[in-house]
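S.K.: my questions are about this predicted structure, shown below with the sequence.
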There are 2 protein chains.
Amino acid sequence: MSDIIEADYQLFINRKGRHLLGPGRTELLFGIQRTGSLRAASKELNISYQHAWSLIDAINQAASEPIVIKQRGGIGGGGASLSVYGDKLLKDYLAIEKEVQKFFRQLNMELNL
Amino acid sequence: MSDIIEADYQLFINRKGRHLLGPGRTELLFGIQRTGSLRAASKELNISYQHAWSLIDAINQAASEPIVIKQRGGIGGGGASLSVYGDKLLKDYLAIEKEVQKFFRQLNMELNL
């Protein structure tokens, strides 16, 4: 294969055959972890607050236990944080992604030999 | 990781940093290979003929040489076939996907130990 081509990927995590995490959802979770706010996290991702809510609902429903703990109301409103399980899952996601990255680096080296 | 989670992926091929092939485009190319017709291939994928044309243009522009040879006009119209280079690229894609599948099978076994 002499052409300069490169294999790339998007990583998804399914639970019991159901879509749990992908690049977009993971970014949203990292945003919540960092900002403690669903509103701030959705702004960072340029998605509507409404859409962020529906993503969180979908994530929580696909998981075995809640990943995001929502706090409606309060002064700022829209507070959100990850559960202990959510924190663990993101850690696992990063560990998996690291393995996948390593594999693709190796694969691309072999492709362009 | 005791939860039953599974890593999944979408595979993409870039050329010089530009998106060349992904799951949708690859399916379209296999359809053309099988049917010899862009119209038939786009029907199989439930996309419009117009959209299929624009995909083919994007693929041909991202590649180092044409992947799809289009035959406008004629009795049936919309005839299309893969170039020798296109055939080779699809073969390469399948070979790469086989490696990626193998890696993910192994990864998922380790995840759920």
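M.R.: Thanks, I have the structure now.

S.K.: so A:Leu113, which of the three states?
M.R.: With DSSP: H, G, I helix; E, B strand; the rest coil as the basis, A:Leu113 sits in coil.

S.K.: where does it land on pLDDT?
M.R.: Per-residue pLDDT puts A:Leu113 at 71.

S.K.: can you read off the pLDDT for the spatially most central residue of chain A?
M.R.: The geometric centre of chain A, computed from its C-alpha atoms, lies nearest to A:Thr26 (C-alpha atoms, centre = their mean), at 0.8 Å. At A:Thr26, the model reports a pLDDT of 96.

S.K.: where does chain A dip in pLDDT?
M.R.: Within chain A, the stretches with pLDDT under 70 are A:1-3, A:72-78.

S.K.: need the residues of it near chain B, please.
M.R.: Within chain A, the positions near chain B by C-beta under 8 Å from any C-beta of the partner chain are A:1, A:3-17, A:20, A:64, A:92, A:96, A:99-100, A:103, A:107, A:111. For the C-beta atoms, the positions are set from N, CA and C on the backbone; glycine is no exception.

S.K.: quick check on these: which are buried?
M.R.: Neighbour-count burial (16 or more other C-beta atoms under 10 Å in any protein chain shown) applied to these gives A:3, A:5-9, A:11-15, A:20, A:92, A:96, A:99-100, A:103, A:107, A:111.

S.K.: narrow the residues of chain A next to chain B to those in strands?
M.R.: Among the residues of chain A next to chain B, DSSP state E puts A:Ile5, A:Glu6, A:Ala7, A:Asp8, A:Tyr9, A:Gln10, A:Leu11, A:Phe12, A:Ile13, A:Asn14, A:Arg15, A:Leu20 in strands.

S.K.: contacts only, for the closest residue to the second one other than its chain neighbours.
M.R.: Just to be clear, that refers to A:Glu6. Residue nearest to A:Glu6 in three dimensions, not counting chain neighbours: B:Asn14, with 4.7 Å by C-beta to C-beta, 6 or more residues apart in numbering or on different chains. Applying C-beta atoms under 8 Å, 6 or more residues apart in numbering or on different chains to B:Asn14 gives the contacts A:Ile5, A:Glu6, A:Ala7, A:Asp8, B:Leu20.

S.K.: in the sheet, who's paired with B:Asn14?
M.R.: Beta-bridge partners of B:Asn14, counted by DSSP bridges, are A:Glu6, B:His19.

S.K.: output stretch A:27-38 as PDB, nothing but the C-alphas.
M.R.: Taking C-alpha atoms only, stretch A:27-38 is exported to PDB below (Å, rounded to 0.1, in the frame of the first residue of the first chain):
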ATOM      1  CA  GLU A  27     -17.300  15.200  25.600                       C
ATOM      2  CA  LEU A  28     -20.500  16.300  27.300                       C
ATOM      3  CA  LEU A  29     -19.600  14.200  30.400                       C
ATOM      4  CA  PHE A  30     -16.100  15.600  30.600                       C
ATOM      5  CA  GLY A  31     -17.600  19.100  30.300                       C
ATOM      6  CA  ILE A  32     -19.900  18.400  33.200                       C
ATOM      7  CA  GLN A  33     -17.000  17.000  35.200                       C
ATOM      8  CA  ARG A  34     -15.000  20.100  34.600                       C
ATOM      9  CA  THR A  35     -17.700  22.800  35.000                       C
ATOM     10  CA  GLY A  36     -20.200  21.200  37.400                       C
ATOM     11  CA  SER A  37     -22.900  22.600  35.100                       C
ATOM     12  CA  LEU A  38     -25.000  21.100  32.300                       C
END
